[in-house]
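1. Just to be clear, the model below is a prediction. Sequence and coordinates:
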Amino acid sequence: MPEMESWESEKGITFLKRIGVRSGQTVADFGARVGHYVIPASRLVGAEGRVYAFDRDSDALAELERKEAVRGADNIITIKTAGETELDLADQSVDVFLLYDVLHLMPASSRYALYEEALRVLRASGFLSVYPKHVIDDDAGHHFMNLTAEDVGREVCMAGFVVRDKVCGTLSHDDTLVQGCVWNFAKESPRRGLP
């Protein structure tokens, strides 16, 4: 998959820089799968940073670990979950929390529990980044059959976040590249409302 190799080594790094991931940060990716965001994040945060990759699929995490070994990355920590929303991370220990193309698989109660967990683990200056894929206007599926991206944004705000910005461009979805937008939310921000 040359397209995804290019994403993980170049385009993904560029995109994550655009959303605000920086060298030395700690990133948590919930629903990391095979690491299409974990690998570029690990390169971006560097040796001083750390990336936590949470997923319930053992095969996907094994593929991520294989790629990690090939690239010699030693700042990635893979964590097998059973889909629970309580994460074994310290309070205020994360700079960036990624929820990319995973929320549509969760009922509302689990999504709210995950937003609360993100609030707990994010540092005051940290942010939550959400890719609300599979909403009404984007191949609706599962628990997002009746939700728009704006609805998802409102639900994140109701959980205690405020919209920081919206960043659009080329994104990884499954094992291909697509055009889409992610929404970034801060714990505190002077900006209120939806973009």
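-> Perfect, thanks for sending it.

2. can you tell me the average pLDDT over stretch 156-172?
-> Average pLDDT, stretch 156-172: 94.

3. go on, stretch 61-81?
-> 89.

4. how about that stretch: buried residues?
-> 61, 64-65, 67-68, 73, 75-76, 78-79, 81 (16 or more other Cβ atoms under 10 Å). Quick note: C-beta positions are derived from backbone N, CA and C, even for glycine.

5. What of stretch 49-56?
-> Under 16+ other Cβ under 10 Å, the buried positions of stretch 49-56 are 49-55.

6. hmm, who's touching that stretch?
-> With Cβ atoms under 8 Å, 6 or more residues apart in numbering as the test, stretch 49-56 has contacts from 23-33, 35, 38, 41-42, 45, 61, 64, 75-83, 87, 89, 94.

7. what's the answer for stretch 85-96, then?
-> If you take Cβ under 8 Å, 6+ apart as the criterion, stretch 85-96 is touched by 19-22, 25-28, 30, 41, 52, 54, 79, 81, 110, 113-114, 117, 120-127, 129.

8. export that stretch as PDB, just CAs?
-> Provided in PDB are the C-alpha atoms of stretch 85-96 (Å, rounded to 0.1, in the frame of the first residue of the first chain):
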ATOM      1  CA  THR A  85     -14.000   3.900  27.900                       C
ATOM      2  CA  GLU A  86     -11.900   3.900  31.100                       C
ATOM      3  CA  LEU A  87      -8.300   4.300  30.200                       C
ATOM      4  CA  ASP A  88      -5.300   3.500  32.300                       C
ATOM      5  CA  LEU A  89      -3.800   7.000  31.900                       C
ATOM      6  CA  ALA A  90      -3.000   9.500  34.600                       C
ATOM      7  CA  ASP A  91      -5.000  12.600  35.100                       C
ATOM      8  CA  GLN A  92      -3.800  15.500  32.800                       C
ATOM      9  CA  SER A  93      -1.100  13.400  31.200                       C
ATOM     10  CA  VAL A  94      -2.100  13.800  27.500                       C
ATOM     11  CA  ASP A  95      -1.700  16.700  25.100                       C
ATOM     12  CA  VAL A  96      -3.800  15.400  22.200                       C
END
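
9. And stretch 158-170, how far out from the chain middle?
-> How far stretch 158-170 lies from its chain's middle: 12 Å, per Cα atoms, centre = their mean, to the nearest Å.

10. try stretch 109-117
-> On Cα atoms, centre = their mean, the centre of stretch 109-117 falls 14 Å from that of its chain.
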